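Trainee: Build the 3D model from these lines:
(chains A and B)
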Amino acid sequence: MKTKGRKLDGPKLINLENAESVSFKKQYIVFFAVLLLVMMIYLARLWYLQALCGQYYRYQSENNRIRVEDVEAPRGIIFDRNGVPIVENRPAYDLMIVREDVKDLNGTIEELARLCECDPSDLFSIVDANKATPKFVPIRLVSDIDRDCLARVAAELIRLPGVEIEIAPKREYNWDGTAAHLIGYLSQITEGEMKSGKYPGYYPGEDIGKVGVEYGFEKYLHGVRGHRQVEVDAVGRRVRLLQEQPPVAGHDLWLTIDMDAQRTAESLLADKSGAIVAVDPNDGEVLAFASSPTFNQEKFIKGLSESDWMGLSKDPGHPMLNRVSGAAYAPGSTYKPLVALGALQAGAINPTTTFSCPGYMPFAGREYHCWRKGGHGTISVERALMQSCDVFFYHTGLVMGVDRLAEYVKMFGLGQKTGIDLPGENAGLIPTSAWKRRATGHPWEKGETISISIGQGYDLVTPLQMAVAYGAIANSGKLWTPYVVKRIEGMAPGEVKEAEPMLKRQIPVDQRWFELVQKALSEVVSDPRGTAHSLYDPAMPMAGKTGTAQVVGLGRGRAGQNDKDNAWFVAWAPAADPKICVAAIIEHGGHGGSAAGPLVKQVMMTYLKIKHEPAQKPAHK
Amino acid sequence: MMDRRLIENFDWSVIWTLAAILCIGLLSIYSAVYPQIQARPTNNLFLKQIIWLAVGLSIMGASLFVNYQRLKALSPWLYGLIVFLLIIVLVVGRDVHGSKRWLEIAGFQFQPSEFVKIIIIIQLANYFSSQDVATFPSIRKLLFPVGLTILPVLLVLAEPDLGSAIALAAAAGSMILFVGVRWRYLAVVALTIIPLVLPVWQKVLKPYQKQRVLILLSPDRDPLGAGYHIRQSKIAIGSGMLWGKGFLNGTQNKLHFLPEKQTDFIFSVWAEEWGFVGCAVLILLFCLLIFLILRIAARSRDRFGSLIVVGVGGLIMWQALINIGMVLGLLPVVGITLPFVSYGGSSVIALCLAVGLAENVSMRRYVFQSH
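Mentor: You can find the predicted model right below:
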């Protein structure tokens, strides 16, 4: 081309009609030469493949036994904030079948069912479901077979062409049932989920996270499956590995959870129904997330049997219910500090406003009682919080009115989702008159304002919302969005994604009102008259509020065994320099100060390492 | 009716060579889909291909009646139409395995990416044959045809259909080179692109990003990610040995080992059953066909005709070279079909039209030209 280019560079104008057949001549030669050259290379390649290596490929094609196997990626490991692994992976053995290599499919399946002591019809239905899969692709018949079955099948393997045992990573829970609602569990992807488009590239039969972190962070935890090409002999035994594309493990997650605090909270809840949640009031990190009763995640791995599932879902204790962020309760008296802050800011009351509490308040021909029959006498907001006077807040609520009250309380994040990075959050409910008209068709009644101003009636909150709201009281108005995943470690080495604390809003309430309520809540514990003085400990000054919420209308726990009130305690510590804020609810626990308070205190002491008591870690396996 | 002179100059050798290649194609397709036909007689791809072929040959015959000179005026309109269709297909195209290539019009499905190849050839021939574009055009005059080519190439890449984009670029590229590009332009392009691409590919991109780019360009590329298809293709070809296993005796394709066996991997099916001898015959037929097409180009009296036929030859040649190279494991799998052999309606019709253009030029080589 080069020489030709130069030659033709000279005369710029060419007589097209005459010159072109001449001028293209060399191009035609080059064009055809390229074709001939490449085709010669191809013929040489064909000669190499067909004549020189022909015998080898003929043999290969007659015994075409090259299989592509999937290699499942291990899911990411879940650590607590200090690097203690909560969930890891262990090798599990799956029973696979390659139909092309099986001599007698029915006989083989009957035999496998006998060896594994399972129902042959289950195995047949799996084979039927995979009719469209090419015959040389292995199908998973039984996942995670136990050691006895493994031993029996392994011994018979030689007699069972086409049967394989595959090792795949499976979830291992270092403390089974711990933080189960937070972590979630895995089970097989359903047909609906496959079609939903949310799981591109997933295969039928793969495990996916169903609730909690395992669900919410599925795309990080899942990893990328690998493939392996192996040559197998006539009965399907591997002869050699031809090529491998190794799987890429999922991202590891570091949670904000402190395992010591978590374990303490769970052991305290062991024989109770309820929840304990702890957050860091300085950034919204969730330190403990305990819901009781809990469930066994391990059970889901092998696939839950029908009866197991019915047992779990019909259990009157509702073990699958996430009581921290998925269930809403009446807040009871723990609501009062929020009412106080709203009323102070709105100017409905001031620090010197007093109401008289004779033990009850008459209204519209009815008597609304204070919890203390004898009454609190003439009382101001600070002492009303300390002693949890109901009548003071009845009056305050009436002055505020339902809608103005809701407006202020919602600033603390109640009645809406906190936005935590976990699925299945309950928004709770802070009623307004418009809401009631919409929901029931009836107008709001003033008597209802009286109930809601002490956290009864329509008020519904989740323990998580309360912990976050009290955190905002403790830090004078910073409402953080709580989060549980602190760090995502990348698939590529050194790639790390850190969660950023997210300030939802600075609550527009004056600093002086925050200081007043902080002082009052501190006195709840420190003052001998306070409702939680029994928790007083000079080693750990804390500030908080008790709550005892009636369970009318909860609908749950009507089984007769108890209709005692739900016990609440929400507090932070240390009182002057808040590092942890804990909300606890014990269903039917009775009085908040005595039933829930000691639990909160214990979790705080564990976290702050006061009288350090480490949670028991499992012996390494 | 047609002038006797036109018929005299019809190049029958091209038609006979083409017929031989088409026969090989039909035999291979029959063999590839034979197990499928037995399982589901209603979906007979072999019969469908025969119908497509009949349609293609009829369109080709009909096209001969229209003087190719008329395409000069039509070509900008055709170009506009096909670019429009390529955009439309991205919006409303039918999604098959993650790529949008098919347009449905009045119940018929077709791939605009097959037809854009011919239209680009006509449009470039039109541009390069205009009076003011001499041989070895200046850089300014080259920018226009390069731009004309790049727009549809990008649209086809977006479907994504890497194979068609490469064939398109290769056919257009050979036409541009044919007209003549100054050596220093090529050097400048090579010297700017190569030092940029290699370090970016090797140093900047992480392996998974490379994988993503490759998958983005061609989602049907080796989904198992480990050369499984190529290995199976090599086994099929190699096991054919010298004389082949005989018609319908191939084992590789029956067991579903060969992916896309009636389209991209049709050469392996042929190679398995007809051996080295069959492959050599097919390769020689392709060489002969391209030789005959180039002969038409060389004999053409005007530049427009020559360039059209060169484009047609280039298109067929590059598709054949890339497809066979890929099946032999010498080139990466990009999803390109073997002209006249692979199954596919749009492809066969477009290619028949292309050969029809070459014949059109051949027939009118002694007819008086208007300019």
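Trainee: show me the contacts for residue B:264.
Mentor: Applying Cβ atoms under 8 Å, 6 or more residues apart in numbering or on different chains to residue B:264 gives the contacts B:163, B:323, B:326-327, B:333, B:335-338, B:342. (Each C-beta comes from the backbone N, C-alpha and C, glycine too.)
Trainee: again, only using 7 Å
Mentor: By Cβ atoms under 7 Å, 6 or more residues apart in numbering or on different chains, residue B:264 lies in contact with B:323, B:335-337, B:342.
Trainee: cool, residue A:329 as well?
Mentor: A:460-461, A:549, A:566, A:585.
Trainee: Do the host helix or strand of residue B:125 and chain A come into contact?
Mentor: Using DSSP states H and E, residue B:125 sits within helix B:112-128. No: against chain A, helix B:112-128 shows no contacts by Cβ under 7 Å from any Cβ of the partner chain, the least distance being 10.3 Å.
Trainee: Check whether the next helix or strand after that helix comes near chain A.
Mentor: Counting by DSSP H and E, the next helix or strand C-terminal to helix B:112-128 is helix B:139-157. No: for a cut-off given as Cβ under 7 Å from any Cβ, helix B:139-157 has no contacts with chain A; the smallest distance is 12.3 Å.
Trainee: can you pull the buried residues of the following helix or strand past helix B:139-157?
Mentor: Toward the C-terminus, helix B:139-157 is succeeded by helix B:162-179 as the next helix or strand (DSSP H and E). The neighbour-count check on helix B:162-179 (16 or more other Cβ atoms under 10 Å in any protein chain shown) flags B:162-179 as buried.
Trainee: just stretch A:515-531 next, same as before
Mentor: Quick answer for stretch A:515-531 (16+ other Cβ under 10 Å): A:516-518, A:520-527, A:530-531.
Trainee: check whether the longest helix anywhere in chain A contacts chain B.
Mentor: If you go by DSSP state H, chain A has its longest helix at helix A:25-46. Yes: counting by Cβ under 7 Å from any Cβ, chain B has neighbours in helix A:25-46: A:27-28, A:31-32, A:35-36, A:38-39, A:42-43, A:45-46.
Trainee: Just the buried subset of those residues, written out for PyMOL, thanks.
Mentor: Selecting only the buried entries of the residues of helix A:25-46 next to chain B in PyMOL, with 16+ other Cβ under 10 Å as the criterion:
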select buried, chain A and resi 27+28+31+32+35+38+39+42+45+46
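Trainee: Now tabulate the residues of helix A:25-46 next to chain B in JSON lines and tack on pLDDT.
Mentor: Output for the residues of helix A:25-46 next to chain B, formatted as JSON lines (pLDDT from 0 to 100):
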{"residue": "A:27", "pLDDT": "84"}
{"residue": "A:28", "pLDDT": "88"}
{"residue": "A:31", "pLDDT": "89"}
{"residue": "A:32", "pLDDT": "91"}
{"residue": "A:35", "pLDDT": "93"}
{"residue": "A:36", "pLDDT": "94"}
{"residue": "A:38", "pLDDT": "94"}
{"residue": "A:39", "pLDDT": "94"}
{"residue": "A:42", "pLDDT": "94"}
{"residue": "A:43", "pLDDT": "94"}
{"residue": "A:45", "pLDDT": "93"}
{"residue": "A:46", "pLDDT": "94"}
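Trainee: Can you classify whichever residue of the stretch 1-150 of chain A sits closest to chain B by secondary structure?
Mentor: As assessed by Cβ to the nearest Cβ, chain B sits closest to residue A:57 within the stretch 1-150 of chain A, at 2.7 Å. When classified by DSSP: H, G, I helix; E, B strand; the rest coil, residue A:57 comes out as helix.
Trainee: can I assume it is in contact with residue B:239?
Mentor: Yes: assessed by Cβ atoms under 7 Å, residue A:57 is found in contact with residue B:239 at 4.3 Å.
Trainee: Same drill for these two, tell me which one is more crowded.
Mentor: Each of residue A:57 and residue B:239 has its neighbours counted (other Cβ atoms under 10 Å in any protein chain shown); residue B:239 has more, 29 against 21.
Trainee: wait, the more buried one sits on residue B:272?
Mentor: Yes: under the criterion of Cβ under 7 Å, residue B:239 makes contact with residue B:272 at 6.1 Å.
Trainee: residues making contact with the helix holding residue B:125?
Mentor: Defining contact as Cβ under 7 Å, 6+ apart, one finds that helix B:112-128 is touched by B:71-72, B:75, B:78-79, B:82, B:85-86, B:89, B:101, B:103, B:133, B:144-145, B:148-149, B:152, B:156, B:159, B:161, B:164, B:167-168, B:171-172, B:175, B:179, B:304, B:307-308, B:311-312, B:315, B:346-347, B:350, B:353-354.
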